[in-house]
Structures are given as structure tokens and as C-alpha cells.
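Trainee: structure for this input, please:
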Amino acid sequence: MKYIDQKETDPRINLAFEEYVFNQMDKNESYFLLWQNDNAVIVGKHQNTIEEVNQEYVKTNDIKVVRRLSGGGAVYHDLGNLNFTFIVNDNGKQPFDFKSFTQPLVDALKSLGVNAEFNSRNDIAIDGKKFSGNSQYAKHGRILHHGTILFDSKLSTIQSALKVKKDKIESKGIKSIKSRVTNISEYLDQDYSLADFKKALLAFMFKDEDLQEIFLNEKDLAAIEKLKNEKYDTWEWNYGRSPVYNLRKERKCDFGLITILLQVDKGIIKEISFFGDYFGNGEIQELEALFVGIKPNEESLIPLLKEIELEYYINGLDSKTLIDLILY
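Mentor: Numbers count the residues shown, from 1 in each chain. Take a look at the predicted model:
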């Protein structure tokens with residue numbers, strides 16, 4: 001396992017860094033990355049940024065908003081949060097197998113006195129309070145798994161910067177974002193700095209493995225800067241998907257919250273957009289294009305969906321649920 005301790009704290013650089021390691025570095029190697037972002041909201045790949053972020057608050061407080069490669073929900077990062085990334089070959093792993101990547105972290109935290117547990121499709125929690133959200137992106141037999149670790153973050157800022165839908169909060173039986181998250185520094189068996197915590201985490205997680213630290217060269221850094229400028233620092237990537245629509249359908253499913261925006265004219269679908277905190281490997285625009293020009297009725301949708309592998313685009317979604325969502 002190769003290890004990179006990324007010192008940069010610009011979220012645009014760091015998401016470009018992740019993508020660069022995933023796509024451009026030796027694909028016969030596995031990588032573990034640790035990194036931090038200064039104040040930022042990191043939006044899931046399939047989310048409608050404008051609906052997820054308190055625009056006035058992030059602008060006033062100089063909080064950057066950046067979209068990531070993976071699905072899932074929006075998260076707040078600051079320098080009290082530590083991010084980790086595994087980049088590996090899938091080796092037969094099931095899609096969106098979060099537990100195999102989070103278990104080493106859970107075990108490491110238990111060794112430090114923290115009673116952590118994997119408690120949902122992608123969260124790690126203490127006493128029901130989330131401190132780590134995880135997401136994945138897969139392509140060409142490679143998996144990128146990344147997650148947050150709230151160590152000593154400003155929890156009040158999380159609530160102010162994010163707009164979490166009421167039904168998502170109510171479905172978890174809680175009253176606010178702040179009441180459902182926590183910092184692990186409160187639970188550690190001794191007073192760790194974040195730097196000390198990183199060392200302890202690495203020492204436990206890789207105690208039985210040869211972890212080799214490597215460093216990026218000038219060519220790597222230049223390529224990452226270019227990717228940042230061309231993608232992660234652009235409005236088109238971070239905000240671009242905000243379509244015009246005349247029908248809106250939304251449902252909280254087991255696999256996540258899904259919102260469908262439809263532009264229907266004279267009984268024909270002219271445009272359809274799928275948003276949400278779901279996970280999926282396919283490019284969602286490919287799925288959306290298949291619906292353009294058909295009628296929004298069962299006679300048109302059933303034969304179309306028989307030809308589509310829905311789970312490739314939205315993990316957990318089946319044809320019946322999608323038809324119900326579009327039509328009823």
C-alpha cells in the first residue's frame with residue numbers, strides 16, 4: 001500500500017488530487033491518502049448544488065463549494081475534519097461495499113477508546129451520532145472509497161452551511177443536523193492533537209501491512225493544478241446542473257433521497273434530471289438521455305426500462321419504484 005499525506009488544504013486542489021491518483025497513477029498499486037480541506041461544502045456528484053447549500057451563508061463566510069466524483073450527500077469540511085481515501089482494484093468486491101473499507105477505521109478507533117460502529121449504508125457513528133460519512137466511485141475495475149472523520153469540527157457551521165431536507169431529518173428521528181453529528185475528540189481515551197491522532201490511526205490500521213509513503217513530483221503537481229483549473233474550479237462542474245422543469249417528483253428510498261425533475265411538453269418528455277444523495281457508477285446523463293422523446297406512461301416506460309440496467313446508474317433503484325415515482 002502506497003501512502004500520500006497531502007498537505008494542501010484547498011478543496012479544489014484536493015479533489016483534483018484524488019482524481020489524479022485514481023486515474024493517472026500506477027493502477028497495479030493500492031493507495032491510502034490522508035488530507036484536509038479548509039472551510040468547504042463538498043457536494044455529491046448527483047446533487048443539485050443550489051438546493052443543498054445555503055448560498056448566502058457560504059458566500060458571507062468564504063466557504064468554497066466543490067462537487068466531488070462520488071455520489072452521496074453534501075458534507076462540510078474544515079481543518080477540524082480529517083479525510084481518508086482508499087484507491088484499490090476491486091478484486092471482486094461488491095459495488096458500494098462500504099463496510100470492508102470502514103471496518104479498519106472502526107477497529108482503530110476502538111483501540112483508542114472510541115466505541116464506533118458502522119450504523120447505516122455509509123455512516124460511522126458513536127451512540128447514534130454520525131462522525132464519518134463515506135462515499136465511493138468506481139471505474140474500469142478500480143474503486144475510490146473516501147470518508148470524513150469529524151475530529152474537532154465546528155458543528156454549528158455544518159448546520160448553517162447545509163440545507164438538509166426536513167424529511168431526511170425526520171426519517172432519522174432527530175430534530176437538527178447538529179443533534180445527529182459529533183466530534184470523536186470528545187471520546188478518545190487521551191488528549192490527542194489531530195497530528196497525534198493521524199499517527200495513531202496509521203499505526204493501527206497498517207500494523208500488519210507494509211505502508212510506503214510516497215511524494216508527488218512537479219509533473220504530478222502541474223497536472224493536478226491543470227485539472228483543478230479546468231474542472232474543480234469551474235461553475236459548470238460545481239453548479240452547472242440546475243435545469244428548468246415543470247414537474248418535480250421526490251421520494252426518500254432505502255438507497256437514498258431521489259428527486260426527478262421533468263420538462264414535459266405536449267405529452268412528451270423533453271428533459272429529465274435525476275438528483276439525490278444516491279450512489280451509482282454510470283454517468284447519470286446517459287440514463288437521462290434515454291427518456292427524452294418518450295411519453296411518461298407505463299406503456300412507454302416498461303419496455304424502455306427492460307433494456308436498462310438501472311442499478312448501474314442508481315444503486316438500489318428498480319423499475320417499479322422508478323415508474324411509481326415518475327407517474328404517481
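
Trainee: dump the host helix or strand of residue 3 to PDB, restricted to CA.
Mentor: In this assignment (DSSP states H and E), residue 3 forms part of strand 2-5. Extracted as PDB, the C-alpha positions of strand 2-5 are listed here (Å, rounded to 0.1, in the frame of the first residue of the first chain):
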ATOM      1  CA  LYS A   2       1.300   3.400  -1.000                       C
ATOM      2  CA  TYR A   3       0.600   6.300   1.300                       C
ATOM      3  CA  ILE A   4       0.400  10.000   0.500                       C
ATOM      4  CA  ASP A   5       0.000  12.600   3.200                       C
END
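
Trainee: tell me the mean pLDDT for the helix or strand just after it?
Mentor: The first helix or strand that comes after strand 2-5 along the chain, using DSSP H and E, is helix 11-24. In this model, helix 11-24 has a mean pLDDT of 98.

Trainee: show residues contacting helix 11-24.
Mentor: 4, 6, 8, 31, 33, 35, 37-38, 40, 42, 64, 66, 68-69, 77, 83, 85, 87, 137, 139, 142, 144, 146, 216, 220, 223-225, 227-228, 231-233 (CB atoms under 8 Å, 6 or more residues apart in numbering). All C-beta atoms are positioned from the backbone trio N, CA, C, and that covers glycine.

Trainee: just the buried ones from these, in PyMOL syntax?
Mentor: Buried residues among those (16 or more other CB atoms under 10 Å), as a PyMOL selection:
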select buried, resi 4+6+8+31+33+35+37+40+42+64+66+68+69+77+83+85+87+137+144+146+216+220+223+224+225+227+228+231+232+233
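
Trainee: which of the contacts of helix 11-24 fall in strands?
Mentor: Per DSSP state E, strands hold the following members of these: 4, 31, 33, 35, 40, 42, 64, 66, 77, 83, 85, 87, 137, 139, 142, 144, 146.

Trainee: let me see the contact set for the third one.
Mentor: Pointing back at residue 33 there. Contacts of residue 33 (CB under 8 Å, 6+ apart): 3, 4, 5, 6, 17, 18, 21, 83, 84, 85, 87, 146.

Trainee: so this structure: which segments form each domain?
Mentor: As given by automatic domain parsing, the domain ranges for the chain are 2-238, 247-327.

Trainee: how far off centre is the shortest one?
Mentor: Going by CA atoms, centre = their mean, to the nearest Å, the spacing between the C-alpha centre of domain 247-327 and its chain's C-alpha centre is 21 Å.
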